[in-house]
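> sharing a model prediction with you, sequence too.
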Amino acid sequence: ALVVGVGALVGLRGVINGQQQAVLDNVVHGQVGAVQVHRAGYLANVQGSPLTLDLEDSPALRERLARVEGVTAVAPRIVFGGLVSLPDAEDTPGRTGYLLLTAYDPALEPRVTPQRFTWLSAGEPLPEGDAPGVMLDAELARGLGAGVLEDEEDEARWPALLAADREGVLNGAPLRLTGTLVEAPLGGRRQGSLALGTAQRLLRMEGRVTEYALALEHLEDAHAVRDALRAELGSAFEVHAWDDVLPFVAQLVRHQDFIFGVITTVFLVTVLLGVVNVMLMNVLERVREIGTLLAVGLRRRHVVALFVWEGAVLGLLGGALGAGLGWAVTLWLGQRGLHLPSSGTTADSVIRPFLPVLYVVRSVGLATAGAALAALWPAYRASQLRPVEALAHS
């Protein structure tokens, strides 16, 4: 019971760890970055993608961000809403759709969100420089009837991107659809991306951005780096860790951990009830031996200790075997990877289970302590036997 119970719990914890890490990789390394820097008040108005709350994209500011301990890369962006309109075909009028666009530097963004560039479903990524290109979500492109075009194809077939600038004036520019992306993990079916220089010209925001996304050496240092950046930049800026920007993702991870804690408790209670039953049977089968020990002078507390130690040894052996088996399966699955279809997206999610060594050690310790505690009641029952009655037991 202990081998199966502990092995199942260790294996399940490894899969949950892998699933949580896959979510964080997709969200942090695929979309938002570990830390974001905005002008003060931006996040409170983020639903409107406010271009008026912008920043001057200066080398000095980038240097201030990059020199904070723990920061490994800085990428400027502009996030804005727009319309993409397809030209009329022979007998079919062109279609128009609204989308949320992220403009980034194709040379710098891969250092901050490398996962983003693995979601290409057709075509090619945005070229470096200010080439007039745009990438769309694959489902949005299908709905509009837009196809990936090569460089030499007729510019008259390029979709037009329309967006209001900081003054509210509508601007437009033809852009070549360079590639399409599978749906992002956050459910962005109306998303697109283009080069930062192209967006700056379209929006008349040369030399300005709406945010900086930062990559960190260690993701767990996000809050410490956030606080250091706030002290460095002052009140004119606001700095947020990834879980400040997307609190529901962090809440999802906490809920998973809570549910797993409930499952662990139920598993352990069930297994330990089995240990109690086994130890009670053990007492019934050893009544004469217990009576003999008591008759020759063994103290009752020593009888209790004998059965508690027996339970602890059973817990240690069963827990070690179960944890070792669960760890081995987790390592194998981690190397092989679990390919699972993701709901609402055309891309499979690859989960690589993993376990910290400390969790395996803690599992063995919990099984040992639990089995020892489960043996207390049977041990107490054994210590209360009367020697004369125990010896007469058949």
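Structure received. Numbers count the residues shown, from 1 in each chain.
> show me what contacts Pro76?
Counting by CB atoms under 8 Å, 6 or more residues apart in numbering, Pro76 touches Asp57, Arg62, Tyr104, Asp105, Leu108, Leu196, Val209, Glu211, Tyr212. For the C-beta atoms, the positions are set from N, CA and C on the backbone; glycine is no exception.
> any idea how far it is from Thr265?
Distance from Pro76 to Thr265, counting by CB to CB, to the nearest Å: 48 Å.
> also Asp25?
Asp25 is 29 Å from Thr265, by CB to CB.
> which of these two has more neighbours?
Asp25 (17 against 10; other CB atoms under 10 Å).
> returning to what we had before: any chance of the contacts of Pro76 in a markdown table, with distance to Leu385 and neighbour count too?
Below are the contacts of Pro76 laid out as a markdown table (distance: CB to CB, whole Å; neighbours: other CB atoms under 10 Å):
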| residue | distance to Leu385 | neighbour count |
| --- | --- | --- |
| Asp57 | 83 | 20 |
| Arg62 | 79 | 15 |
| Tyr104 | 77 | 25 |
| Asp105 | 80 | 21 |
| Leu108 | 77 | 18 |
| Leu196 | 82 | 25 |
| Val209 | 80 | 25 |
| Glu211 | 74 | 25 |
| Tyr212 | 74 | 24 |
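> which pair in the residues you listed spans the largest distance?
Within the contacts of Pro76, two members stand farthest from each other by CB to CB: Arg62 and Tyr104, at 14.0 Å.
> how about the lengthiest strand in the chain: buried residues?
When the chain is scanned for its longest strand (criterion: DSSP state E), the result is strand 71-85. By 16 or more other CB atoms under 10 Å, the buried positions in strand 71-85 come out as 71, 73-80, 82-85.
> how about the next helix or strand after it: buried residues?
Sequence order places strand 96-104 as the next helix or strand after strand 71-85, per DSSP states H and E. Residues of strand 96-104 classed as buried: Gly97, Leu99, Leu101, Thr102, Ala103, Tyr104 (neighbour count, 16+ other CB under 10 Å).
> now for strand 96-104, which elements pack on it?
strand 71-85, strand 133-137, helix 138-144, strand 191-195, helix 196-203 (3 or more CB pairs under 8 Å, 6 or more residues apart in numbering; DSSP states H and E).
> can we see that at 7 Å?
Secondary-structure packing of strand 96-104 (3 or more CB pairs under 7 Å, 6 or more residues apart in numbering; DSSP states H and E): strand 71-85, helix 138-144, strand 191-195, helix 196-203.
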